[in-house]
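Visitor: sequence unavailable; structure follows:
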């Protein structure tokens, strides 16, 4: 398989406060890879560095063979990285349609292309098409998550990064979202998934990395990670056996 | 009586629409940066002087001078951002640009004072004395011109914000700069564009305010104080609110002059400002802000 994204020895910090160190992982073309771990383990921070919202202190990020470590986020979108940020972050006073259009900002000079993409996203999320002229801030949490996902797909990314897509959503809605993520992947988009809900994440992804207090402590195929003692410890500090009983 | 009411109403809208042009710039800049440009007043003044010199020294057409003032304003806005706001951004202290713009304002005023002197310039446009009479009311061609030009400008700005990719991107940057960056929007370019648009509006506003105001190097200051009041009454960063509040302040001025006393204008306007702050601190026309975490 061809390598799409490689991160090597990332050291990440918010100002003076260190968050992650020695983060090394890779994502191959066509995969769904997940980063899991408890709250505050550094998953979102790592994902923000991949999308360019946070520039690493040290280490290297390579995307499709190109060094992008210090590239600003707006340049990475052009190369084919899209991030669905934690908490959705839709533009609340823009309509759903306007939110989607902005996702295709890099195609702004190609109107027909933008409307083809819009049709595609509306077909994927019929709900959004019903709400297209509503302000995004008035949509429900699940609808906003679909909007954020659709907005990211409007840039036709090679790599779709998702930050806690299940956060604050009802279980039914979460299942819907994960089904959509799988079908996006089946259609050819590589996915990097950050999730606190390890069960959903490990069922959806093919490989995973486990983070604890800013470092990767385990990695491997999800089927193996499910039974890995270290994963349980990463979440509950050991002794918990019931986490993955479904 | 009715015709007096109507006449003063129209006078109020004429002045109000000029206030709107100036106040919109403040609101736009506040919207994307949450910063205040104190030198905005001097862009108004320089716009007025640019129009004056173009018309009376170079012998140009007054209508064309409005366009000249617009270009001068746009250039000044570009400079303000490139020299002050962009270098001071992300330095950690939001007060830095604010204080820097106060410095720039003082510098510009005194430079103008050195060049133009303190004596007011008589800025009579060729249209100030042409009067048309409709249904017992009088309008100068100048006031018709002001209404047409400012309405067209505000309409164009509104259409730009609503219907173009760049306008939508600008609104996105003002709602969530970081996420806008994730969309492939370069926020720095959009901030630059905002300064250019805001200052172009101030410049052209100055060209049309010049004949109304006492044109000295400090002319802009009297307008900017009202523009601040308008921005607060309309709700900081709220474009629709600013338009309504600007027209409202124009009307209040005009009716205060007619029925009370011209000397009371500032008292009435700022009483309204204080009332707004006390009762509706988010502005008269509050947006339905449901903050998303």
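Guide: Yep, that arrived. Treat the numbers as computed from the prediction; the structure is a model and nothing was measured.
Visitor: residues contacting the closest residue to chain A within the stretch 151-293 of chain B?
Guide: Ranked by C-beta to the nearest C-beta, the top residue of the stretch 151-293 of chain B for proximity to chain A is residue B:184, at 3.4 Å. (C-beta placed from N, C-alpha, C; glycine too.) Contacts for residue B:184 were tallied using C-beta atoms under 8 Å, 6 or more residues apart in numbering or on different chains; they are A:74, A:77-78, A:105-106, A:155.
Visitor: just the buried residues from those residues, in ChimeraX please.
Guide: Selection of the buried residues among the contacts of residue B:184 in ChimeraX, burial being defined by 16 or more other C-beta atoms under 10 Å in any protein chain shown:
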select /A:74,77,105,106,155
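Visitor: now, which of the contacts of residue B:184 lie within helices?
Guide: A:74, A:77-78 (DSSP state H).
Visitor: filter these by proximity to chain B?
Guide: Intersecting those with the surroundings of chain B, defined as C-beta under 8 Å from any C-beta of the partner chain, gives A:74, A:77-78.
Visitor: so which of the residues you listed is the closest to residue A:36?
Guide: Here the nearest of these to residue A:36, counting by C-beta to C-beta, is residue A:77; it sits at 25.5 Å.
Visitor: what residues does the stretch 51-200 of chain B put near chain A?
Guide: Among all residues of the stretch 51-200 of chain B, those adjacent to chain A (criterion: C-beta under 8 Å from any C-beta) are B:165-166, B:168-169, B:171-172, B:175-176, B:178-187.
Visitor: show me what contacts the closest residue to the residue of the stretch 151-293 of chain B closest to chain A other than its chain neighbours?
Guide: Leaving aside its sequence neighbours, residue B:184 sits nearest to residue A:77 (C-beta to C-beta, 6 or more residues apart in numbering or on different chains; 3.4 Å). Residue A:77 makes contacts with A:105-106, A:155, A:157, B:182-184, as judged by C-beta under 8 Å, 6+ apart.
Visitor: what's the helix or strand for residue 199?
Guide: Picked chain A for this. Assigned by DSSP states H and E, residue A:199 belongs to helix A:198-204.
Visitor: nope, chain B please
Guide: Following DSSP H and E, the helix or strand that holds residue B:199 is helix B:187-209.
Visitor: next secondary structure after that helix?
Guide: helix B:219-234.
Visitor: packing partners for that following helix?
Guide: Counting by 3 or more C-beta pairs under 8 Å, 6 or more residues apart in numbering or on different chains; DSSP states H and E, the packing neighbours recorded for helix B:219-234 are helix B:2-33, helix B:40-52, helix B:187-209, helix B:239-259, helix B:265-279.
Visitor: hmm, try it at 6 Å
Guide: Helix B:219-234 sits against helix B:2-33, helix B:40-52, helix B:239-259, helix B:265-279, with contacts defined as 3 or more C-beta pairs under 6 Å, 6 or more residues apart in numbering or on different chains; DSSP states H and E.
Visitor: and the angle for it with helix B:40-52?
Guide: Counting by axes from the mean of the first three to the mean of the last three C-alpha atoms, to 10 degrees, helix B:219-234 points 130 degrees away from the direction of helix B:40-52.
Visitor: which stretches of chain A have low pLDDT?
Guide: Under the criterion of pLDDT under 70, the regions of chain A flagged as low confidence span A:1, A:236-246.
Visitor: for residue B:139, see how far away residue B:2 is.
Guide: Residue B:2 sits 16 Å away from residue B:139 when distances are taken as C-beta to C-beta, to the nearest Å.
Visitor: how far does stretch A:192-200 sit from the chain's center?
Guide: How far stretch A:192-200 lies from its chain's middle: 9 Å, per C-alpha atoms, centre = their mean, to the nearest Å.
Visitor: ends of that stretch, what's the gap?
Guide: 14 Å (C-alpha to C-alpha, to the nearest Å).
Visitor: other residues contacting it?
Guide: With contacts defined as C-beta atoms under 6 Å, 6 or more residues apart in numbering or on different chains, stretch A:192-200 is touched by A:27, A:33-36, A:43-44, A:47, A:161-163, A:166, A:178, A:201, A:205.
Visitor: closest to residue B:21 out of these?
Guide: Ranking the contacts of stretch A:192-200 by separation from residue B:21, with C-beta to C-beta as the measure, puts residue A:163 on top at 42.0 Å.
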